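> A structural model of the following input is requested.
(one chain, ligands or ions: 2)
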Amino acid sequence: MSTKRTTTLAIANQKGGVAKTTTVASIGAALVELGHKVLIVDLDPQACLTFSLGIDPEDLELSVHHVLTKGLDATEVIIETEEGIDLLPATIELARAEADLLTRTGREHVIRGVVDDLAEKGDEWDYDWILLDCPPSLGVLTVAALTAADGVLIPLQCETLSHRGVGQLLDTVHDVRRFTNKGLAVWGVLPTLYDGRTNHSRTVLETISETYDLEVIEPPIPKTIKFAEAPAAGRSILATSRSSKGAKAYREVAANLVTRAGRG
Ligand code: ADP
Ligand code: MG
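Ligands and ions are numbered 1, 2, ... in the order given. As a prediction, this is how the structure comes out:
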């Protein structure tokens, strides 16, 4: 099936350090390897995604903040990175967007508006995938991302058993479905920082999928030191250690997402 309709995925979990940003960069790179056209959007004022792809936010005059709050066209801000992924970058200014948007009518729809505008332009702006890297909160930006998304992917670190946050995130997803985006689907949890040698990681996984009745996306992403090295190099792990276990796992996940989206 070669529909040209964009599949938009929000990568969300209000907990920090669960590998949201790593997942967006790695799956983005894997989809590009498969020949897909991909836009990734940095929605975190910390701008880790922007930085990890070799762009210093301090050098940027325009960023996603101007698109969301000043009505600037996304095409004027999108950067093509060395890996062939298009990036809508963030800077620390995005911290103000949250406050600016709070008093705006229709704030939940600001990202959906950007996605729709790009689709209407067609041609080079007609993405197969748009991946939204959510900030570690359930604030305006995350709700706007969920409102723009076809699906949400929840990275979950398998190191701890404290996953109370997942319930809150799912409550937010339910609210978004009721009020702003009926079509939002939970694509599942993606186990990250997975140590397959321990029973613990496996127990955590089973507990989560049973407790919340969520699909577990395969394969789990192994915990490996290679991930610490990639952002400093300004490239994703798919470029810095092409044949590592981590890169391989993300390629498999990407292929499974392609199947799921019917883009095979
Ligand atoms: P988040 O966006 O959820 O805050 P990040 O993607 O920034 O999480 O990841 C947090 C930290 O964990 C980063 O230093 C990253 O390099 C590291 N990390 C991510 N995935 C892995 C992994 N599979 N193995 C080891 N370290 C990882
Ligand atoms: Mg992040």
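> relative to residue 22, how far out is residue 257?
Here the criterion is C-beta to C-beta, to the nearest Å. By it, residue 257 lies 16 Å from residue 22. Heads up, the C-betas are built off the backbone N, CA and C, glycines and all.
> those two: which is more packed in?
Using other C-beta atoms under 10 Å as the criterion, residue 257 and residue 22 rank with residue 22 on top: 27 against 23.
> what about the more buried one, distance to ligand 1?
Applying C-beta to the nearest ligand atom, to the nearest Å, the value for residue 22 to ligand 1 is 3 Å.
> ok, and the closest non-adjacent residue to that residue?
Closest residue to residue 22 apart from its sequence neighbours, by C-beta to C-beta, 6 or more residues apart in numbering: residue 227 at 5.8 Å.
> do the same with residue 85
residue 28 (4.6 Å).
> neighbours of the one you found, how many?
30.
> contacting residues for it?
38, 40, 83, 85, 129, 131, 236 (C-beta atoms under 8 Å, 6 or more residues apart in numbering).
> isn't there a helix covering it?
Yes: with DSSP: H, G, I helix; E, B strand; the rest coil as the criterion, residue 28 is located in a helix.
> next one: the closest residue to ligand 2 within the chain from residue 192, what distance?
Across the chain, no residue is closer to ligand 2 than residue 21, which sits at 3.3 Å (C-beta to the ion). Note on residue 21: its distance to residue 192, by C-beta to C-beta, is 11 Å.
> who has more neighbours, these two?
Set side by side, residue 21 and residue 192 show more neighbours around residue 21, with 27 against 24, by other C-beta under 10 Å.
> please report how far the residue nearest to residue 85 lies from residue 115.
Plainly put, residue 28 is 16 Å away from residue 115 if you go by C-beta to C-beta.
> again, but for residue 128
Taking C-beta to C-beta, one finds residue 128 at 13 Å from residue 115.
> what residues do these two have in common as contacts?
residue 6.
> interface residues of the chain facing ligand 2?
Residues of the chain found near ligand 2 (C-beta under 5 Å from the ion) are 20-21, 44, 48.
> phi and psi next, for the residue sitting furthest away from the middle of the chain.
Computed with C-alpha atoms, centre = their mean, the residue of the chain farthest from its C-alpha average is residue 199, at 28.4 Å. Phi and psi for residue 199, reported as degrees, to the nearest 10, are phi -60, psi -30.
> before we move on, what about residue 82?
Per degrees, to the nearest 10, the backbone of residue 82 is at phi -60, psi -30.
> tell me the pLDDT of it.
If you check residue 82, the pLDDT there is 87.
> do the same with the one 10 residues further on
Per-residue confidence for residue 92 comes out at a pLDDT of 95.
> make sure it is actually in contact with residue 63.
No: contact between residue 92 and residue 63 fails when scored by C-beta atoms under 8 Å: they sit 9.2 Å apart.
> name the nearest residue to residue 93, sequence neighbours excluded.
residue 65 (4.3 Å).
> which residues in the stretch 51-200 of the chain form helices?
Counting by DSSP state H, counting those that start in this stretch, the stretch 51-200 of the chain has these helices, from start to end: 64-69, 94-102, 110-121, 140-148, 164-179, 199-212.
> least confident of those, on average?
helix 199-212 has the lowest average pLDDT among the helices of the stretch 51-200 of the chain, namely a mean of 82.
> and the angle for that helix with helix 164-179?
30 degrees (axes from the mean of the first three to the mean of the last three C-alpha atoms, to 10 degrees).
> tell me how far helix 199-212 lies from the chain's centre.
23 Å (C-alpha atoms, centre = their mean, to the nearest Å).
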